[in-house]
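Q: pasted the sequence and its predicted model underneath.
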Amino acid sequence: MNDIIEGRRKSGWFWKGIYISEKDSFRDNDGKSINLDINRIVPLAIYIPSNYSPKDSRLAFILHGGTGNENASAYRLAQRDIYLEKYNYILAFPNDWTQNPLWMHRQALVSFEKSYDLVMEIFPVSEDRVFLMGNSLGGRGTFDVAMRKPNMFQAIVSTAPAWGVKTHSQWVQNRYSVKDIESVPTLIGVGTADSTFSFRMEVGNKVDKGWITRDIEPYLKNATYITVEEGNHTYNWGSILDIIFDFFESNLESEDKPTSKISSVTLNGKEINGTTMIELGDFEKTFGDRFKVYKVYSYDKKIENAVEYYTIISKNQTLNFKVGDRKYRKNIERYKEDIGKRDKDIELLESAPTFSQAPTLIDGKVYIPVKEILEVMR
């Protein structure tokens, strides 16, 4: 403890206090000044990587949801502590007074702003290395904060966004809209086993769209949509941390980003039931500059209960598949197979698309129907 008190510790977990006084300027939902009698210290959790440097480190703000606080999201990362040092990120967890955060205005927005100022003062990074993410009401808050500060973030991630909750259901406000961030690189993740809002509420069907497909998807020009198979409401973002951090990394400004120039390629594969299959590792070696392959473990409270599958990402397209299963999913499409206990719209859904041959495990290696995958994701 003395190393913290004496200021000798330079990395690891820190908790700071932010004072919000009655003299602070607050804004309502439309940005107009309002008067609130506030006199309170609000907490902020921060993780500083051991290799922190103002030049090389990145900064990611993580907004908590409706039933959590700054510790809830921090706990998810602490559970998966491999990610704390795998990427050179400062992680900042502001507090919106704990319950039902309205990050769009009032003390919540001031809490975020003061958190940003404090972190940039004591652990500065380049302004073009700042990112934002959140889950549930934090996912909704990610859009709300980004809409008000569209030039602050290099990329944003919103998982299980609570778009249509209570009075927040109208995304078009007098002053702000999703169009304000239409070009901001955005990753949106949803879980098929979300029991809080349900996959149906988020995605909908071909007749009645969900709040993502209705209110978000038509207005964003640079968004990637990903489904977490059997992912629930609270833990789905913890299942795709590699994807999230790689998404942030891919949107760093760099002159050294590779560009694909492959026009044709010959692959050695296997013929299985008339379908050309290639080994997944060979696929990555051949198309690694165009496709990213992730082995995902979608979990609930117990990581040992994780469901295993693969996600392939290319530009703004995603594809999920399981070994031994011909069905696959593209982006956040919803199928008859996803029908849950509360869903009554099976007749409005199509059956899941299928490969001619299921991805197959042979001698410990996964083989995939490469031509069909390239066709689906072109």
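A: Looks like it arrived, so ask away.
Q: does Trp211 touch Val203 like I think?
A: No. Trp211 is beyond contact range of Val203, at 9.0 Å (criterion: CB atoms under 8 Å). Every C-beta, even on glycine, is put in place using the N, C-alpha and C of the backbone.
Q: how about the contacts made by Ala155?
A: 131, 184-187, 247-248, 251 (CB atoms under 8 Å, 6 or more residues apart in numbering).
Q: which residues of the protein score low on pLDDT?
A: Residue ranges of the chain with pLDDT under 70: 1-9, 24, 29, 36, 98-100, 164-174, 254-268.
Q: top helix in it by residue count?
A: In the chain, ranked by residue count with DSSP state H as the criterion, the top helix is helix 106-122.
Q: who are the packing partners of that helix?
A: strand 12-20, strand 26-27, strand 40-48, strand 58-63, strand 89-94, helix 137-148 (3 or more CB pairs under 8 Å, 6 or more residues apart in numbering; DSSP states H and E).
Q: dump those to TSV, plus distance to Tyr116 and mean neighbour count.
A: Converted to TSV, these look like this (distance: least, CB to CB, whole Å; neighbours: other CB atoms under 10 Å):
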stretch	distance to Tyr116	mean neighbour count
strand 12-20	10	15
strand 26-27	16	16
strand 40-48	10	19
strand 58-63	7	25
strand 89-94	8	26
helix 137-148	10	26
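Q: still on that earlier bit, distance from the chain centre to the longest helix of the chain, please.
A: Relative to the chain's own centre, helix 106-122 is displaced by 21 Å; criterion: CA atoms, centre = their mean, to the nearest Å.
Q: dump it to CSV, restricted to CA.
A: C-alpha atoms of helix 106-122 as CSV (Å, rounded to 0.1, in the frame of the first residue of the first chain):
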residue,chain,number,x,y,z
ARG,A,106,-26.3,15.7,-16.7
GLN,A,107,-23.9,14.4,-14.1
ALA,A,108,-23.2,11.3,-16.2
LEU,A,109,-21.8,13.2,-19.1
VAL,A,110,-19.9,15.5,-16.7
SER,A,111,-18.5,12.4,-15.0
PHE,A,112,-17.2,11.1,-18.3
GLU,A,113,-15.8,14.5,-19.3
LYS,A,114,-14.0,14.9,-16.0
SER,A,115,-12.7,11.3,-16.2
TYR,A,116,-11.3,12.0,-19.6
ASP,A,117,-9.6,15.2,-18.5
LEU,A,118,-8.1,13.5,-15.4
VAL,A,119,-6.7,10.5,-17.2
MET,A,120,-5.2,12.6,-20.0
GLU,A,121,-3.6,14.8,-17.3
ILE,A,122,-1.9,12.1,-15.3
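Q: hmm, who's touching the helix or strand that comes right after it?
A: Where DSSP states H and E defines the elements, the next helix or strand beyond helix 106-122 is strand 130-135. Contact with strand 130-135 is made by 58-65, 73, 103, 140-142, 145-146, 152-160, 234, 236-237, 244, 248, as judged by CB under 8 Å, 6+ apart.
Q: over to stretch 336-346?
A: In contact with stretch 336-346 (CB under 8 Å, 6+ apart) are residues 192-193, 195, 198-200, 205, 207-208, 327, 349-352.
Q: same deal with stretch 13-29?
A: With contacts defined as CB under 8 Å, 6+ apart, stretch 13-29 is touched by 4, 33-48, 74, 78, 104-107, 109-111, 114-115, 118, 173.
Q: ranges for the strands of the stretch 151-300 of the chain?
A: If DSSP state E, counting those that start in this stretch is used as the criterion, the strands of the stretch 151-300 of the chain fall at 155-159, 186-191, 223-228, 270-272, 275-279, 292-298.
Q: next, format the ones you listed as a markdown table and append distance to Trp13.
A: Listed next are the strands of the stretch 151-300 of the chain as a markdown table, based on distance: least, CB to CB, whole Å:
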| stretch | distance to Trp13 |
| --- | --- |
| strand 155-159 | 22 |
| strand 186-191 | 25 |
| strand 223-228 | 27 |
| strand 270-272 | 49 |
| strand 275-279 | 41 |
| strand 292-298 | 25 |
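Q: with that, I have no additional questions.
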